[in-house]
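Chemist: Test case, fold it:
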Amino acid sequence: MKVLFSATPAYGHVLPLVPLMQAAVDAGHTVGLLSSAGFRTAITGELPGNVEFLQAGVMPDRFSQEAADRTGADVFHPTPPVIGEIFGGARVDLAVAESVERAIDWHADLVIAEPFDALGPLVATRLGIPWHRAGLGPALPAIIAEEIDRAAAIRYERLHLRPVSPASYIDPCPPQLQDPKWTPATAVQPIRPQAHRRSENVVLELPDFDPADRPTVLVTFGTIFSDPDTLSAAVTAVADTGVNVIATLGASLRHPTAHREPRQHTAGTDPARVRYVPFIPLAQLLDRADLVVGAGGVGTILGALAHGLPMVLWPQGADQPINAARAAASGTAITVDAATAISVAVTKALDNRAYGARAREVADEIAQRPGPATVIAEITNP
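Modeler: Below is the predicted model of the structure:
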């Protein structure tokens, strides 16, 4: 079977799908990823070796700007209707013809699309093949999902198509993080979430800390919100507690010695206790951590919980405030609204064993969820 994954061209939308891609490859299926040509170089090294890249459409800066031009809104602080226009309107308009052509030429049999991706479902409808929705974390709030669907429905009508519901919703979110008011509109297939890890570990030259008996805190603000000043402020606040710190530069930053990149330390912070690392699969870094400080991206939260690690979360934008609030409600995280509150929160999360105990309980429950191979077997052999 030819299984086509379709995703917004951004790490946070594609990396959670990689375990499913790997499972499909391992099961002998031909696997493709439909996304923007501009994302191909960045993502190829993170995909299983046999995944074919079907390039179509433009990058987020282009379709977000198109949505801004159409609505006159600030896409960095969007309302639900603007989010709908970004993902269900502008992105579809700038990619649909090319996406359909690629999928037809490739002879796709099945589509798996992430929640923000409106192209995959449209392509599946056009080809008359089934499709499944693969969640990234907590289900999208109904108001956002409805706005994306509303904008996309206009494009279906233009193409004389009628939207088709997904055959299932592949849900990586443990119940503790899911909105208790969420009512799934289709059959739910649970799946075990995993922090991103390549088939072979990246060589990580990271000298041991001295002393090594202090807790190690991983500071990661994901792949989008790695602002130099924000990262520097967080690292300084964490280091001020006396712990050892590993800070990831994400995908958009390089090494702290370059212009406008995070300062390695400030006055009063011992640089021997801070290690900056480049963009590396999250699982390798979580293996070394006792606590995670982040912005609240779903990849970081689910990865940390799969490893049984408590968190301190400082949301920066997008869906992060919602994710952070759910993590806090589960008892596995503390949320803060400023860098000045991080030091106290880190100390509390490390000293109060309840946060770590709760995170390990969630990790045990995550481990009981079906793995990607089971899910792929079920959706390809209904």
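Chemist: rest of the way, CA atoms for contacts and neighbours
Modeler: Will do.
Chemist: The stretch 151-300 of the chain: strands as residue ranges?
Modeler: 169-171, 188-190, 216-220, 244-248, 274-277, 291-294 (DSSP state E, counting those that start in this stretch).
Chemist: so what's Ser64 up against?
Modeler: Shown in contact with Ser64 (CA atoms under 8 Å, 6 or more residues apart in numbering): 75, 86, 90-91.
Chemist: ok, 7 Å please
Modeler: Each residue near Ser64 by CA atoms under 7 Å, 6 or more residues apart in numbering is listed here: 75, 86.
Chemist: What's the first helix or strand after the one helix or strand it maps to?
Modeler: Counting by DSSP states H and E, the element that carries Ser64 is helix 60-71. Going down the chain from helix 60-71, the next helix or strand is helix 80-84, by DSSP H and E.
Chemist: what about that next one, distance to the chain center?
Modeler: Mean C-alpha position of helix 80-84 versus that of the full chain (CA atoms, centre = their mean, to the nearest Å) differs by 19 Å.
Chemist: I'd like the distance between Leu17 and Gly72.
Modeler: Relative to Gly72, Leu17 is positioned 33 Å away (CA to CA, to the nearest Å).
Chemist: out of these two, which sits in the more crowded spot?
Modeler: For Leu17 versus Gly72, neighbours defined as other CA atoms under 10 Å are more numerous around Leu17 (25 against 11).
Chemist: Look up how far Ala339 lies from the more buried one.
Modeler: Taking CA to CA as the measure, Leu17 falls 32 Å from Ala339.
Chemist: try Leu249
Modeler: 17 Å.
Chemist: When those two are compared, which one has more neighbours?
Modeler: For Leu249 versus Ala339, neighbours defined as other CA under 10 Å are more numerous around Leu249 (26 against 17).
Chemist: Give me the spatial nearest neighbour of the more buried one, chain neighbours excluded.
Modeler: The shortest distance from Leu249 to any non-neighbouring residue, by CA to CA, 6 or more residues apart in numbering, is to Pro278 (5.2 Å).
Chemist: I figured that neighbour was touching Thr248, is that so?
Modeler: Yes. Under the criterion of CA atoms under 7 Å, Pro278 makes contact with Thr248 at 5.8 Å.
Chemist: Could you check which of these two is surrounded by more residues?
Modeler: A count of neighbours by other CA under 10 Å puts Thr248 above the other of Pro278 and Thr248, at 25 against 16.
Chemist: pretty sure the more buried one contacts Pro228?
Modeler: No. Contact status for Thr248 versus Pro228: not in contact, 11.2 Å apart, counting by CA under 7 Å.
Chemist: And for Gly317, the neighbour number?
Modeler: Residues lying near Gly317 (other CA under 10 Å) number 16.
Chemist: Please, which helix or strand holds it?
Modeler: Using DSSP H and E, Gly317 sits in no helix or strand.
Chemist: how about stretch 64-71 as PDB, C-alpha atoms only?
Modeler: Listed next in PDB are the C-alpha coordinates belonging to stretch 64-71 (Å, rounded to 0.1, in the frame of the first residue of the first chain):
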ATOM      1  CA  SER A  64       0.700  33.300   6.700                       C
ATOM      2  CA  GLN A  65       1.400  36.600   5.000                       C
ATOM      3  CA  GLU A  66      -1.300  35.800   2.400                       C
ATOM      4  CA  ALA A  67      -3.800  35.300   5.300                       C
ATOM      5  CA  ALA A  68      -2.600  38.600   6.800                       C
ATOM      6  CA  ASP A  69      -3.100  40.400   3.600                       C
ATOM      7  CA  ARG A  70      -6.600  39.000   3.200                       C
ATOM      8  CA  THR A  71      -7.800  39.600   6.700                       C
END
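Chemist: mean confidence score for it?
Modeler: When pLDDT is averaged along stretch 64-71, the result is 95.
Chemist: Which positions in that stretch come out as buried?
Modeler: Neighbour-count burial for stretch 64-71, counted by 16 or more other CA atoms under 10 Å, picks out 64-68.
Chemist: same thing with stretch 204-217?
Modeler: Residues of stretch 204-217 classed as buried by neighbour count (16+ other CA under 10 Å): 216-217.
Chemist: Quick one: distance of it to the chain centre.
Modeler: A distance of 27 Å separates the centroid of the chain from that of stretch 204-217, by CA atoms, centre = their mean.
Chemist: Please apply the same query to stretch 47-62.
Modeler: On the basis of CA atoms, centre = their mean, stretch 47-62 is displaced by 16 Å from the centre of the chain it belongs to.
Chemist: cool, and stretch 228-244?
Modeler: The chain centroid and the centroid of stretch 228-244 are separated by 23 Å, computed with CA atoms, centre = their mean.
Chemist: Buried residues, it. List them.
Modeler: Buried-residue list, stretch 228-244, by 16+ other CA under 10 Å: 228, 230-240, 242-244.
Chemist: Please apply the same query to stretch 310-327.
Modeler: Judged by neighbour count (16+ other CA under 10 Å), stretch 310-327 contains these buried residues: 310-318, 320-327.
Chemist: one step back: show only the entries of the buried residues of stretch 228-244 found in helices.
Modeler: Counting by DSSP state H, these place 228, 230-239 in helices.
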